[in-house]
Structures are given as structure tokens and as C-alpha cells.
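Visitor: Predicted model follows, preceded by the sequence.
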Amino acid sequence: MQASRLSTQINEVIHFMQTIEERYLAAKRALFDKVYSSLNEKQREAVFTVNDPLLVLAGAGSGKTTVLVRRIAFLIRYGNAYFSSYVPYGTDEARVKELEAAVSLSNAEIEKGILPEFSNNACPPYRVLAITFTNKAANEIKERLAKMFPEDSATATDIWTGTFHSVCVRILRQHCEKMGYRQGFTIYDADDSKKTVLQAMQRCNIDEKLLPVKGVVNSISRAKDRLLSPDAYAMEAGSDYRQKQIARVCRTNKASTAEVAQIALSRRGLHRNLARTGDTRHVDPSRCGRKRQLAARHVLHLDLARACFEGDLLCG
């Protein structure tokens, strides 16, 4: 009889604690929902979701940029606060009632005085990478982020924001010595590449009529996409006459043609090596330089309204 009564009391305590936890989590999420009430349900879901891959598809003028800017700010301020099931030890009925009553406060009061305590695994700003397609769009993102952090301008500055090419050039400029390049290297454009390949063909006595320079450039480009070095390309050519001639071109002028073929290759190769780790904690900081690790924790593809969270994976 006493054992039965004790069991009943234990079950009542467990039920009470579960109820406290459920009410705490519900009150927390209600506060976030109120502060972000200017967004619709799907927009809030995009902002709050941080621990799984996420694809957002939206048309022009639908507010996707606003959503993604606010998502960046949410990652930095609160991390996985919304969906986290963490309940602080010692949370009691009184504290839960305070949170439930706080929903009547203004958004500013909630955001400043209550929401910070819910922060869970927040992301440092220097580990956020936001990529867009145009400089104009990148500048707009930077301006909006600066407005999101008026209290600390350094936070917005630390976020890696720019076009794909500008971000990659920034990485190359900072860490080129890790790939065997000197400061002040030149990245060739399409015309420079064509001229350099043509010069290499002339040194090899290859007639442009028999082997059009455009075809050679395209073959080198495909080799870059496959991350093939000039030596690897030559080995793969085998007995194919055309491919062997292209391999000769690649090897003729390492100071020029190699630069055309290798700048993008080294950039992508470095990215891939870091991506293989799957977690920046496994990347040697001495290879990355300072705190700005090359494997960005969060990747947001802005112009396509594509927001991805893949742990500590670098998407390059």
C-alpha cells in the first residue's frame, strides 16, 4: 500500500516537472513569435531553423532578403534558441509564470531584457558567410546587417559578405602563401587566358588552325572543374593526340599557363580539403590564419533565396 502511494507521488512529481518544462518551452517560443510577428509563419520558420539543411524558395519582392538578413542576426544572437528543448536547471512555477506574463510586454522590452537568456550555441559573426551574385546586392546586405547590430558595428563587419568571386579573392589574398603563391598574384580574365594559351601554343609550334585556341581554353577549364593538375591531365591524355597537345600547352609555361589553370584549382582544392573535415574544430588554425576560419559554419545563398545550414561544412 505504501509502495503504491509512493509510486503515485513520484508519478505526480514527474508529471509536474514535465508540465513545467512544456510550459517553459511554450512561453519561450511565444516570446520569439511575438518579437518576430512582422514575419509570416513560413518566414519565421526559416529564421528560427538553424540545425538542419534549409532551402527557401521565394519570388521577387516576397521578403526573402529580409528573412535571410534576420536569419543571420538570429544565428549570431540566439543560435538554436527557438527549437532547443533545453530548460535551465531549477526552473520553477514562478519563473514559468513570469515568462508567460512577459508576452504582454513590448517587443523592445522582450528583445532586450528576456530573449538573450535563451541563446543556445550562438554563431560567432566571423563564422558566417553570406554570398550573393552582384556587388550591389552584397552592399545592400552589408547595410542591412549594420542596421541589425547598431550597438556593435564590429559584428556586422566581421560577417563575410560579398559575391562569390570577391569572397574567394579575399581568401586567396589572405592565405595565398598556403597554396604556394606570392602576394600580388594576378588572376587572369577570359581574354588574358586566351592570350596566354595562344602564346604557349606558339612556343609548342602548335598550329591554331589544327587546334583552335578556344577549344584548348575550354579543355583547360574542364580540367579545372575536375581539379586536375597539368601533370595529372597529361597522364590522363594517354595516346589521345589532341589531349597530349593540350597537355604540352599546360606544361610549356608554368609561370603563366599554370596560373590560368591553377588559381581556381588551388582555391577550390583548399575549400574541398577543408570541407572534408566536416567540422572547423578539426582544421589546423595555423593553416587558416587568425580567427577567420575558411570553413564557414553557416552558408547563406542570398540571391537564390537559398539558405543552408550544414554543421561546419564549407560550401564552395
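Guide: That came through fine. Numbers count the residues shown, from 1 in each chain.

Visitor: Tell me how many other residues surround Gly61.
Guide: By other C-beta atoms under 10 Å, 7 other residues sit near Gly61. Placement of C-beta: from N, CA and C, glycine included.

Visitor: Against Ile72, how distant is it?
Guide: 20 Å (C-beta to C-beta, to the nearest Å).

Visitor: Please apply the same query to Val217.
Guide: Val217 sits 38 Å away from Ile72, taking C-beta to C-beta as the criterion.

Visitor: between those two, which one's more packed in?
Guide: Ile72 (28 against 20).

Visitor: got the buried residues for the helix or strand containing the more buried one?
Guide: Per DSSP states H and E: Ile72 is located in helix 64-77. The neighbour-count check on helix 64-77 (16 or more other C-beta atoms under 10 Å) flags 64-65, 67-77 as buried.

Visitor: which of those lies closest to Gln43?
Guide: Nearest to Gln43 among these, counting by C-beta to C-beta, is Val67 at 4.9 Å.

Visitor: ok, the closest one touching Asn40?
Guide: No - Val67 is beyond contact range of Asn40, at 9.6 Å (criterion: C-beta atoms under 8 Å).

Visitor: Listing request: residues of the stretch 1-150 of the chain with sub-threshold pLDDT.
Guide: Along the stretch 1-150 of the chain, segments meeting pLDDT under 70 span 1-18.

Visitor: What segments of it are strands?
Guide: Secondary structure of the stretch 1-150 of the chain (DSSP state E, counting those that start in this stretch): strands at 128-132.

Visitor: What ranges does it have for its helices?
Guide: Applying DSSP state H, counting those that start in this stretch to the stretch 1-150 of the chain gives helices spanning 2-35, 41-48, 64-77, 93-101, 107-113, 135-148.

Visitor: Highest mean neighbour count out of those?
Guide: Sort the helices of the stretch 1-150 of the chain by mean neighbour count, taking mean count of other C-beta atoms under 10 Å, and helix 64-77 sits at the top with a mean of 22.

Visitor: Tabulate the CA atom coordinates of it in CSV.
Guide: Output in CSV follows, covering the C-alpha atoms of helix 64-77 (Å, rounded to 0.1, in the frame of the first residue of the first chain):
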residue,chain,number,x,y,z
LYS,A,64,13.4,36.8,-48.9
THR,A,65,16.3,39.2,-48.3
THR,A,66,14.7,40.5,-45.1
VAL,A,67,14.2,36.9,-43.9
LEU,A,68,17.8,35.9,-44.6
VAL,A,69,19.3,39.1,-43.0
ARG,A,70,17.2,38.4,-39.9
ARG,A,71,18.2,34.8,-40.0
ILE,A,72,21.9,35.8,-40.0
ALA,A,73,21.2,38.1,-37.0
PHE,A,74,19.3,35.3,-35.3
LEU,A,75,22.2,32.8,-35.7
ILE,A,76,24.6,35.3,-34.2
ARG,A,77,22.3,36.4,-31.3
